[in-house]
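1. output the structure for:
(chains A and B)
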Number of protein chains: 2
Amino acid sequence: MASLLTGRRRWLVAGALGAALVAAAPVAIAANGSDSATGGSDSATGGSDRANARSSAGTGDRTTDVRSAIQGGSARNVILFLGDGMGQSEITSARNYERGAAGRLAMDELPLTGDYTTYAVEQNNPGKPNYVTDSAASGTGWATGVKTYNGAISVDAYGNPVPTILELAKRGGLRTGDVTTAEVQDATPAVLGSHVVSRDCKGPVETTAKCAVNAKENGGAGSIAEQLVQTRPDVLLGGGAKYFNQKVTAGKFAGKTVLDQAKAAGYNVVNTAADLAAAKKGKPVLGLFADGNMPVNWTGPAAVHGGTAPSRCTANPALPKTQPKLADQTRKALELLDDRHADKGFFLQVEGASIDKQDHAADPCGQIGETIDFDAAIAAGTAFARSHPDTLVLVTADHGHSSQIVEPTATPGLTATLITNEGANMTLAYGTAETGGSQSHTGTQVRIAAMGPQAANIVGLTNQTDLFGTLKRALRLR
Amino acid sequence: MASLLTGRRRWLVAGALGAALVAAAPVAIAANGSDSATGGSDSATGGSDRANARSSAGTGDRTTDVRSAIQGGSARNVILFLGDGMGQSEITSARNYERGAAGRLAMDELPLTGDYTTYAVEQNNPGKPNYVTDSAASGTGWATGVKTYNGAISVDAYGNPVPTILELAKRGGLRTGDVTTAEVQDATPAVLGSHVVSRDCKGPVETTAKCAVNAKENGGAGSIAEQLVQTRPDVLLGGGAKYFNQKVTAGKFAGKTVLDQAKAAGYNVVNTAADLAAAKKGKPVLGLFADGNMPVNWTGPAAVHGGTAPSRCTANPALPKTQPKLADQTRKALELLDDRHADKGFFLQVEGASIDKQDHAADPCGQIGETIDFDAAIAAGTAFARSHPDTLVLVTADHGHSSQIVEPTATPGLTATLITNEGANMTLAYGTAETGGSQSHTGTQVRIAAMGPQAANIVGLTNQTDLFGTLKRALRLR
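-> As a prediction, this is how the structure comes out:
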């Protein structure tokens, strides 16, 4: 208890800093962030001196502020924000477009920062690195602490299941949540609550075809969808409804759908923003808002050979009005998971999944819109943490991606030029695949930022597997 | 004095941490680093858990260690290590090649980390950003605290000279040093001690042609070379001898060479590693080790369309045996600048310049070799700081660059595959210019790391212009 009190007292200092940061930032960020494609009007200023404007001492020296942001102790709650493919370039281009080069995103306000390496290893050969990870291997890294091969979902390099942070949290009596804009069976949400040898094994059909060792009919734990239901996080939100309509192949639910299995497990199943908003505490909530991945927020010019005319991003007209924003999903998850009368707190992961998917597609507005949507979810998380200071909030990525902010010159790859909210041209290049191909992940180390108890453990250079230790220690799990 | 003592006491804790970090790192890094193209034998390990192995408490919790690394107070000395174009990708690829994916570079050991934005602004319009900076504008940013246009050397967006951190340090009674692997007139070393409207104005000839306002014959301060001599740092080391052979056009030294001017200013001029090693304290030292940029350390396959066979990097056979390494230059600069009997300390900038130049050239071994060479210089700097704990050491970059670590698939750009020291293949892609063209800088935010007094001011997200404030405050300059 002493350490908790210490944590709380320290927080108050950091909280005051947080308020000062927001107040003095070039654009005040609303508590719920901003997800419009047209808002913002910052201008970059010559000689801007951000840090000097933001030290609580007014001297420009942030030493005391940074020291105050460092808390030891333990965390009652953890919120892990995972921007899929959100490398330094993806963060910078989204900031430039929406807030201006001198502006600040919600994710920029987390006081402690570091970098981690993301590499995977070879299947059956964990001593040999694969320098370019996929989301499955990298997600398994922080979910379990174990490096594995590309495509592996919380199994080690030899295919053996490894316990995940969400499973440990649940076993420890915490409430748990797993939220994404992708299919809930996609790699990043999947690594928290399932163990299969290939990320493709999202439903029973795929599992029979590609993950025989995991298939129910062979005595395995089943597909990702089935295992997520069996793990039973209190909140499971995203897309991927179609895999829930497949039929379980063996066992108690043989012949019934995975959705039937979910309902039998007690899930309140919701499909729209309104139904999600109406969901009450007491039952676990399964939100399925799309058959596949949830549609993206923004649209705009695709990057092409020779570049595009300077263009603006616009709201995606195909976005269903019934679809919740990631910030809505996040706020609801926090409402459902938070219980001040309970003995224990919660673990929640929130993924901005389609930053990666739109980067793969060389779609700059798609990518930036998803980054801004993700940032609004982060704003919801940091607002929660300000009123619940025993919460560790982390923002990171699983790997870098292709997009680069470049000079507006000819490149062999694909480019598009956007007119940002501050009225300047920004050219994004995608040089790792041809038109219509899938742009490559990159093997770069990526940024991690954090606030709250144990946040100091992300400072410096770590490995994505180290994050598992940080989460486990923060929540005092075994 | 109280604050200095506090700084020193705090340092001892951080110093113990530093020792622990090195001891437990996968490969112990020799004090002088390593610059061989063939050394190293790390293997990446499945489930590696770097941070847990490195907390001084042995519990995996680094909270106390990070807190101990935060010092306020002031710094007697500052060493700023600037890796030109050294974005996250350039750091990661060099680490992968030389130390292995799980290994650590000297620059990875700095305990505090953050990111800064690097954008420039438009000439005569400082309110309008240019999202992709060059080295001149970015260097002017941290040298003066002012955002300016690409090509500007410590002049503002309107061409007005702005005082630099080196000039302030000199005026404040500190000794100063400016060390590079490029021409000393190249943008990054130039911004410390000269003010011209175009980075091209390296000697009198170019200045007459392109910077009339700065030309001596027009009453200006002269070319970059002339102004560097007039600013007279105590140590000025790099390439660029050819500009010193040009003739001054007007004033006291009219008709004489810039080298004559340097000798008249008291400079001891050296041209080889041996002469540099023999240089004594008492006179300022001008080291000119090449006519242009200093030759690079490694060579290997150029990136090409369709990629290369997996290859190793080799030592550059064209590297003159008389040329000092950047680590040699750094150690000598520290020896010449350090004076424990003096009232004041020093400011030293060390640039690894050709990381950028080899990235422009799509030469992965050239680029990695220069990053490793730069890292060895950083090791020399951190070794100095361990025995001189009132030293602030910073490692950062001026902008990101093109190289990306990618999956070994077809790309529209240029690729090369290297066999790293741990025996794995690493493919680097350069997708922003055609064969023979110059690969583009990128507009991404970049990493900054630091140790020592005031180092906490680089944590979080800042601007490269904020670094000027940090340096000035650390050295208590006005």
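
2. rest of the way, CA atoms for contacts and neighbours
-> Noted.

3. can you give me the helices in the stretch 101-250 of chain A?
-> Listed from the start of the chain, the stretch 101-250 of chain A has helices (DSSP state H, counting those that start in this stretch) covering A:135-144, A:165-171, A:187-193, A:204-210, A:224-231, A:241-244.

4. pLDDT of the first one, averaged?
-> Helix A:135-144 shows a mean pLDDT of 98 in the predicted model.

5. who are the packing partners of that helix?
-> Packing contacts for helix A:135-144, counted by 3 or more C-alpha pairs under 8 Å, 6 or more residues apart in numbering or on different chains; DSSP states H and E, involve helix A:165-171, helix A:187-193, helix A:464-474.

6. out of these, which gets nearest to residue A:304?
-> Residue A:304 lies closest to helix A:187-193 among the helices and strands packed on helix A:135-144, at 28.7 Å (C-alpha to C-alpha).

7. can you list the neighbours in contact with the closest one?
-> Judged by C-alpha atoms under 8 Å, 6 or more residues apart in numbering or on different chains, the contacts made with helix A:187-193 from elsewhere in the structure are A:135-136, A:139-140, A:143, A:153-154, A:164-167, A:178-180, A:184, A:199, A:224, A:227-228, A:231, A:233, A:349, A:351.

8. do the same with stretch A:148-162
-> A:120-126, A:130, A:133-141, A:143-144, A:146-147, A:163-164, A:187, A:190-192, A:194-200, B:46-47.

9. of the contacts of helix A:187-193, buried ones?
-> A:135-136, A:139-140, A:143, A:153-154, A:164-167, A:178-180, A:184, A:199, A:224, A:227-228, A:233, A:349, A:351 (16 or more other C-alpha atoms under 10 Å in any protein chain shown).

10. now the residue nearest to residue A:111 when sequence neighbours are not counted, which residues is it bridged with?
-> The spatially closest residue to residue A:111, leaving aside those adjacent along the chain, is residue B:460, at 5.5 Å (C-alpha to C-alpha, 6 or more residues apart in numbering or on different chains). With DSSP bridges applied, the residues forming beta bridges to residue B:460 are residue B:114.

11. burial check on residue B:460, number of neighbours?
-> For residue B:460, the count of nearby residues is 24 (other C-alpha atoms under 10 Å in any protein chain shown).

12. likewise residue A:436?
-> Should you count by other C-alpha under 10 Å, residue A:436 turns out to have 10 residues around it.

13. do residue A:174 as well
-> Neighbours of residue A:174 (other C-alpha under 10 Å): 24.

14. same thing with residue A:149?
-> The local packing of residue A:149 (other C-alpha under 10 Å) involves 32 other residues.

15. repeat for residue A:468
-> For residue A:468, the number of neighbouring residues by other C-alpha under 10 Å comes to 21.

16. ok, it to residue B:361 distance?
-> According to C-alpha to C-alpha, to the nearest Å, residue A:468 and residue B:361 sit 39 Å apart.

17. repeat for residue A:459
-> As for residue A:459, its distance to residue B:361 is 33 Å (criterion: C-alpha to C-alpha).

18. before we move on, what about residue A:197?
-> Note on residue A:197: its distance to residue B:361, by C-alpha to C-alpha, is 41 Å.

19. residue A:217 now?
-> 56 Å.

20. so what's the residue nearest to residue A:111 up against?
-> Residues touching residue B:460, when contacts are defined by C-alpha under 8 Å, 6+ apart, comprise A:108, A:109, A:110, A:111, A:112, A:113, A:449, B:113, B:114, B:115.

21. over to residue A:292?
-> Per C-alpha under 8 Å, 6+ apart, neighbours of residue A:292: A:182, A:183, A:239, A:240, A:241, A:242.

22. is the second one in a bridge, and if so with what?
-> For residue A:183, the residues forming beta bridges with it (DSSP bridges) are residue A:239.

23. closest one of the contacts of residue A:292 to chain B?
-> Ranking these by separation from chain B, with C-alpha to the nearest C-alpha as the measure, puts residue A:182 on top at 22.8 Å.

24. enumerate every residue touching the closest one.
-> With contacts taken as C-alpha under 8 Å, 6+ apart, residue A:182 has the following neighbours: A:238, A:239, A:240, A:292, A:293, A:294, A:352, A:353, A:354.

25. want to throw these into JSON lines with pLDDT?
-> JSON lines is the format used below for these (pLDDT from 0 to 100):
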{"residue": "A:238", "pLDDT": "98"}
{"residue": "A:239", "pLDDT": "98"}
{"residue": "A:240", "pLDDT": "98"}
{"residue": "A:292", "pLDDT": "98"}
{"residue": "A:293", "pLDDT": "98"}
{"residue": "A:294", "pLDDT": "98"}
{"residue": "A:352", "pLDDT": "98"}
{"residue": "A:353", "pLDDT": "98"}
{"residue": "A:354", "pLDDT": "98"}
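
26. does residue A:260 count as helix, strand or coil?
-> Residue A:260 carries the three-state label helix when classified by DSSP: H, G, I helix; E, B strand; the rest coil.

27. so what's the residue count around residue A:418?
-> Burial measure for residue A:418: 23 neighbouring residues, criterion other C-alpha under 10 Å.

28. residues touching it, list them.
-> A:97, A:310, A:311, A:312, A:313, A:425, A:426, A:427, A:428.

29. of those, which is the most crowded?
-> These, ranked by neighbours (other C-alpha under 10 Å): first place residue A:97, 30 neighbours.

30. quick one, what contacts that residue?
-> Applying C-alpha under 8 Å, 6+ apart to residue A:97 gives the contacts A:368, A:418, A:419, A:420, A:421, A:422, A:426.

31. again with residue A:449
-> By C-alpha under 8 Å, 6+ apart, residue A:449 lies in contact with A:107, A:110, A:111, A:112, A:113, A:114, A:394, A:395, A:396, A:458, B:460.

32. and it, which of the three is it?
-> The three-state assignment at residue A:449 reads strand, by three-state DSSP.

33. identify the residue spatially nearest to it, adjacent ones excluded.
-> Across the structure, with C-alpha to C-alpha, 6+ apart as the measure, the residue nearest residue A:449 apart from its sequence neighbours is residue A:113 (4.3 Å).

34. my read: that neighbour touches residue A:457, true?
-> No: with contact taken as C-alpha atoms under 8 Å, residue A:113 and residue A:457 are classed as non-touching, separated by 9.5 Å.

35. neighbour count for those two, which is higher?
-> With other C-alpha under 10 Å as the criterion, residue A:113 and residue A:457 differ in neighbour count, and residue A:457 comes out ahead with 32 against 29.

36. what's the helix or strand for residue A:333?
-> With secondary structure defined by DSSP states H and E, residue A:333 is part of helix A:326-337.

37. any buried residues in that helix, and which?
-> A:326, A:327, A:328, A:329, A:330, A:331, A:332, A:333, A:334, A:336, A:337.

38. which among those gets closest to residue A:403?
-> residue A:326 (22.6 Å).

39. the closest residue to the closest one other than its chain neighbours - how many residues pack around it?
-> If the residues on either side of it in the chain are set aside, residue A:326 comes closest to residue A:377, at 5.8 Å by C-alpha to C-alpha, 6+ apart. By the criterion of other C-alpha under 10 Å, residue A:377 has 30 neighbours.

40. quick check: which element contains residue A:377?
-> Assigned by DSSP H and E, residue A:377 falls within helix A:364-387.

41. mind listing the strands the helix or strand just after that helix pairs with, and their directions?
-> From helix A:364-387 onward toward the C-terminus, using DSSP H and E, the following helix or strand is strand A:391-397. Next to strand A:391-397 in the sheet, as set by DSSP bridges, lie strand A:77-83 (parallel), strand A:446-451 (antiparallel).
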